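*Asks:* From the sequence below, what's the structure:
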Amino acid sequence: MKIIVLVKEVPDTYGDRKLNLETGLADREASEAVIDEIGERALELALTYAGANGTEVAVLSLAPEGATATLRRGLAMGAGSAIHVSDEALRGADLGLTAETLAAAIRRVGFDLVITGNVSTDGSGGMIPAMLAELLDVPHATGLSSVEISDGAVSGSRPVESGVQKVSANLPAVISITEALPGARFPNFKGIMAAKKKPLEMLTLADLGITADNPDAARSIMLTVAEKPPRAAGVKIIDEGDAGEKLAEFLVENRLA
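*Replies:* Okay, the predicted model is just below:
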């Protein structure tokens, strides 16, 4: 079996995250770049299964050239190989182009199971797993809070309004996981040294046969971007015997009651 895990380099969630108001893109110099935590959890799931079953695990990322070090961390954790898709034409790519490119890379290397996080901490689109499954023409199970992988199938559960929903799919398939899955292991010294010798393939759009400016492809267009307004001061209620009434009026006025 071959498992492909999608990982993404994002601005550190504990640092300042800002948008470039001219391009509308994340200012990646404003904060340290790290692997998205949900991607690390996806990799932990794959590595846990691989450790008991001898499965091949590869990490795949669509990222700028400078993200190689981030991919090496995935290799240091235990992945056997990495695929890094980087092309200047992908700068600011929307979900459609991102999904097409990732799907082409996955088809190129082959797969039995693709594991992703349910949503990234920067773009927060949450649509890539389903779009990949559509493009790859395989079943998908998204938003899983528990996962079981077997020889020819994958199953799991996800919370829904009425309780817990059990889902399963035959392989090949695409799944996405939530933060309910275990956190990632830390790379040890042996893993860090081994990562330097593991294969890391660099791919461009030309390698994948993808055209970024395809006029027939559906693309989303950002019309405007604005800086987040400063936080306004709250309303202070001084109790002069009528604080309850003032609080009730505030809740009604702001449609909070």
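*Asks:* what about the helices in the stretch 101-250 of the chain?
*Replies:* All helices of the stretch 101-250 of the chain, identified by DSSP state H, counting those that start in this stretch, fall at 128-136, 189-195, 205-208, 243-253.
*Asks:* Go through those helices and name the closest to T48.
*Replies:* helix 189-195 (14.9 Å; C-beta to C-beta). Where you see a C-beta, it was placed from the backbone N, CA and C, and this is true even at glycine.
*Asks:* which parts of that closest one are buried?
*Replies:* 191, 195 (16 or more other C-beta atoms under 10 Å).
*Asks:* Lowest-scoring secondary structure element of this protein by mean pLDDT?
*Replies:* Least confident element among the helices and strands of the chain, by mean pLDDT, DSSP states H and E: strand 33-35 (a mean of 77).
*Asks:* List of residues touching that one?
*Replies:* 7-12, 66-67, 70, 73-74 (C-beta atoms under 8 Å, 6 or more residues apart in numbering).
*Asks:* moving C-terminal of the single longest helix found in the chain, what's the next helix or strand?
*Replies:* Counting by DSSP state H, the longest helix found in the chain is helix 37-53. Note on helix 37-53: by DSSP states H and E, the next helix or strand toward the C-terminus is strand 56-62.
*Asks:* Among the contacts of strand 33-35, which one lies nearest to A93?
*Replies:* Of those, the one sitting nearest to A93 (C-beta to C-beta) turns out to be K8, at 12.3 Å.
*Asks:* Restrict stretch 78-86 to CA atoms and write it as PDB.
*Replies:* The C-alpha coordinates for stretch 78-86 follow below in PDB (Å, rounded to 0.1, in the frame of the first residue of the first chain):
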ATOM      1  CA  GLY A  78       9.400   9.100   9.300                       C
ATOM      2  CA  ALA A  79       7.900   9.500   5.800                       C
ATOM      3  CA  GLY A  80       9.900   7.600   3.100                       C
ATOM      4  CA  SER A  81       9.800  10.300   0.400                       C
ATOM      5  CA  ALA A  82       8.600  13.700  -0.400                       C
ATOM      6  CA  ILE A  83       7.100  15.500  -3.500                       C
ATOM      7  CA  HIS A  84       7.400  19.300  -3.600                       C
ATOM      8  CA  VAL A  85       5.400  21.100  -6.300                       C
ATOM      9  CA  SER A  86       6.600  24.600  -6.800                       C
END
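*Asks:* buried ones in that stretch?
*Replies:* 78-86.
*Asks:* Report the residue spans of the stretch 151-257 of the chain with pLDDT below the cut-off.
*Replies:* Applying pLDDT under 70 to the stretch 151-257 of the chain flags residues 215-218, 220-222, 257.
*Asks:* Start from the N-terminal end of it and give the strands.
*Replies:* 153-160, 163-170, 173-177, 200-203 (DSSP state E, counting those that start in this stretch).
*Asks:* So what are the sheet partners of the shortest one and their directions?
*Replies:* Strands that pair with strand 200-203, judged by DSSP bridges, come out as strand 81-85 (parallel).
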